[in-house]
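Asker: give the three-dimensional model of this entry:
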Amino acid sequence: MMQNIKEIISRLKFISRLKKGEKINTKYMYIQQDGICTTISRSFIYKDNRGNTINFIQETITKSFELLNLYKKTNKSICKNLLNDLEESKKGLINLKHTYIEDIKMGCDIDVLLQFIDSKLEKRLFFEKKENL
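Answerer: I've put the predicted structure just below:
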């Protein structure tokens, strides 16, 4: 299980470091600069696409919240790091949205992920405050 935690945290950090104009190679976990070479390699060599990217991000975020629920009572340090990394991942998602600015559906998918993160984090803070009262 510890390996799974490390992988999820690593993925969140990876997402948070995305810059405008960068795309994710989800199979080999590296960043590709937007351009004709990337388009060719993603289309014909690696068979990577926007759907894979969204699935990768959704899976990472979902698993992050599952880990938060799992460790909320037993390991506050892991939870604190996960919360911080989730917050930081929003920066990379905003940059990714800019990379796919011409793709309205991709932008909407990223907006939904950002809203999901915000709502889950707000809900968590609400319940933590309630518990401390």
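
Asker: contact partners for the closest residue to residue 71 other than its chain neighbours?
Answerer: Leaving out its chain neighbours, the residue that sits closest to residue 71 by CB to CB, 6 or more residues apart in numbering is residue 78, at 4.8 Å. Backbone N, C-alpha and C define where each C-beta goes, glycine included. Contacts were defined as CB atoms under 8 Å, 6 or more residues apart in numbering; by that measure residue 78 touches 5, 67, 71.

Asker: and if we set it to 10 Å?
Answerer: For residue 78, the residues meeting the contact criterion (CB atoms under 10 Å, 6 or more residues apart in numbering) are 2, 5, 9, 67-68, 70-72.

Asker: how about residue 75?
Answerer: Contacts here follow CB under 10 Å, 6+ apart; on that basis residue 75 touches 5, 67, 81-82.

Asker: could you do residue 63 as well?
Answerer: In this structure, residue 63 makes contact with 4-5, 7-8, 11-12, 82, judged by CB under 10 Å, 6+ apart.
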